[in-house]
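# dropping the sequence and predicted coords here.
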Amino acid sequence: MAELSYISATVLHSIASGRGYGFQVMEAAGLPSGTVYPALRKMEKAGLIRSQWEHAAVARAEQRPARRYYRITSDGEAALASAGQKYRFPELAPKKS
Amino acid sequence: MRVPIESRVLLAVASALVPRDERADWRREWDAEIWWWLGSHTGERLRLAVHCAGALKDAAYLRANHGDAIATLRRAAGSPGACLAGLALLLAAVVAASGLTETRRVLRGDPFAGAHLAVLSQTLPFMGAHLGVPPAKVADWDLRAQSLEGAATYSRTRRSGVAQASPKFFTLLGTHAAIGTLSVSDMPAAVLSYECWQRKFHADPAVVGRTVDSAPVIGVLPRDFWFLDLRPEVWILGPPASDAPSPALARLKPGVKPADAQTELRVLAAQVKPVSRGSAVVVEPVERLSARPLSALGLPWLVLVCCATAAAVVRFRRAPGFAVFLAAKVVLSLTLVLLATVEFGSSWMTINSGETNLAAGVVSLWLFLAGPGAALYWCWRDQRRRCRTCLHRLEMPVYFGEGARMLLEHAGTELVCPQGHGSLFTADGADPATQWYPLFAGK
């Protein structure tokens, strides 16, 4: 199983807590964009999260660009549980949207 | 919503970095994220630019991890072996570029040992700088000085690779020609260095009599000839081209001490115009000048290496591997500075030999003074950014807090070991403390 650094674990914890896209993770964890996005790429490559583009029709109906959503996988959940025994995760900021 | 120009430029630059097959999705994601950002922040142009600067890091990550070969290379670049190999490569480059010519000469010793040769110069009180001597005075000493067998001027010329010397310069040195002769019958005459003869004349034995720099070649110097910091390809032997002061070479009569010769020359110098007020003639044995590089550079190098190694061992006595790595970096980088200075600089020669062209010497001296400082600073800075367990460079710097709010909160940078051994917290502000937290100490 992949061992997570504290930052990666925090990002994964944010996603598991319902933050679906990069900007929400940044807002929740208080991390800069230059940290969050590389962490998302790394974890997606490791199979801990999976990304999916929102349906264009939904975004069009709401007159906004489509988002790329991230979702935690079963491997990610196991890694997060393991990391939870080692770290104390920060309190996440409330969702804005 | 309109994205400010600076943020658009940052995104465009970052986009160019992203591998082509991932670029369209990457740009689509960032455009969407910025749309959301603009919706929740208004009038914060600078913060948006900072946010977009993160795209550069994201793009760099994708570029570095595109394909296994590049990812492996990137991981390997941060390893301790790569660091030491890089330093060793730089050392090899210096050795290859220089051929260690100067180092070999220094180690071989002075070719004029015991020859009673001295360099004559003038020094100004309080400044200590060595200046040249007017050619008229040197000619006078050559004729009248009882303590000297003879004196001759020598100097660089404005033409690169060409030096000027009095006709009896090589006679005073006692040098014998490899080809031809070094005794001048008609002035001016040209004498070639062995390297120049080999390279430009393809070791042609019929070079004597050909014209070089408007003077007929009379001979070629022996292969192992060297004289202080002068390394010209061509020596032009003849009367001085101008009245400009230049250093001089003298051969002392057997049994005459340099101090005695100095006293006599000072008396004679006052009788010949131009009289330089406040300056004093200095007689320094060539042997002493030739021996200086070892004491001037070798000794400080040894002291620095010993001190830095001892400091590394004491500071990191609980982590022997960490200390050994630091010591190895110090030894390699200081050796690199030493070799580069000896091979490419001439401070020790220029400053001490009475050479009038001090520009090169001052630059070289600063190179040697600044070099070890920069090398040690780099070694220490690099060491602080390495994992205490595996010695890999730490990655993913994360900035916590804000410098302006340090009264109530802490601020600093956290780095993480890519191998998962721990994290390093470096505090901002006046407190330079760093703390290492092993991540899996309990495992």
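Here it is on my side, so go on. Numbering: from 1, shown residues only, chains lettered A, B, ... in the order given.
# so who does the residue nearest to B:Cys379 when sequence neighbours are not counted touch?
Spatial nearest neighbour of B:Cys379, chain neighbours left out: B:Lys329 (4.6 Å); criterion: Cβ to Cβ, 6 or more residues apart in numbering or on different chains. Where you see a C-beta, it was placed from the backbone N, CA and C, and this is true even at glycine. Taking Cβ atoms under 8 Å, 6 or more residues apart in numbering or on different chains as the definition of contact, the neighbours of B:Lys329 are B:Cys83, B:Leu84, B:Leu87, B:Cys379, B:Asp382, B:Gln383.
# got the contact list for the second one?
By Cβ under 8 Å, 6+ apart, B:Leu84 lies in contact with B:Phe325, B:Ala328, B:Lys329, B:Leu332.
# what about the nearest residue to the last one once chain neighbours are set aside, distance to B:Gly321?
If the residues on either side of it in the chain are set aside, B:Leu332 comes closest to B:Leu87, at 4.0 Å by Cβ to Cβ, 6+ apart. Using Cβ to Cβ, to the nearest Å, one obtains 17 Å as the distance from B:Leu87 to B:Gly321.
# so between these two, which is more surrounded?
Between B:Leu87 and B:Gly321, counted using other Cβ atoms under 10 Å in any protein chain shown, B:Leu87 has the larger neighbour count: 19 against 13.
# which pLDDT value goes with the more buried one?
Per-residue confidence (pLDDT) for B:Leu87: 93.
# same question, B:Glu195
Per-residue confidence at B:Glu195 stands at 83 (pLDDT).
# what do you get for the one 10 residues further on?
According to the predicted model, the pLDDT of B:Pro205 comes to 83.
# cool, and the one 10 residues further on?
pLDDT, B:Ala215: 85.
# swap in B:Gly442?
The predicted local confidence for B:Gly442 comes out at a pLDDT of 49.
# so which bits of the helix or strand hosting the residue nearest to B:Cys379 are buried?
In the assignment (DSSP states H and E), B:Lys329 maps to helix B:320-344. Using 16 or more other Cβ atoms under 10 Å in any protein chain shown as the burial criterion, the residues of helix B:320-344 that qualify are B:322-343.
# for stretch B:184-202, same thing?
For stretch B:184-202, burial by neighbour count (16+ other Cβ under 10 Å) applies to B:Val184, B:Pro188, B:Ala189, B:Ala190, B:Val191, B:Leu192, B:Ser193, B:Tyr194, B:Cys196, B:Trp197, B:Phe201.
# which of these fall in helices?
B:Tyr194, B:Cys196, B:Trp197 (DSSP state H).
# tell me which of these is nearest to chain A?
Among these, B:Cys196 lies closest to chain A (Cβ to the nearest Cβ), at 56.5 Å.
# thought that closest one was touching B:Phe225?
No. In this structure, B:Cys196 is not within contact of B:Phe225 by Cβ atoms under 8 Å, at 11.7 Å.
# re earlier: let me see the mean pLDDT of the helix holding B:Lys329.
Per-residue scores along helix B:320-344 average to 88.
# how far off centre is that helix?
14 Å (Cα atoms, centre = their mean, to the nearest Å).
# one more: stretch B:146-164?
Using Cα atoms, centre = their mean, the offset of stretch B:146-164 from its chain centre is 28 Å.
# ok and the residue in the stretch 101-250 of chain B nearest chain A?
Evaluated by Cβ to the nearest Cβ, the stretch 101-250 of chain B has B:Thr103 as its residue closest to chain A, separated by 46.0 Å.
# thought that residue was touching B:Glu343?
Yes. In this structure B:Thr103 lies within contact range of B:Glu343 using Cβ under 8 Å: 6.6 Å.
# ok, which residues in chain A are in contact with chain B?
Residues of chain A found near chain B (Cβ under 8 Å from any Cβ of the partner chain) are A:3-7, A:21-23, A:31-39, A:41-42, A:45, A:53, A:64-68, A:86, A:96-97.
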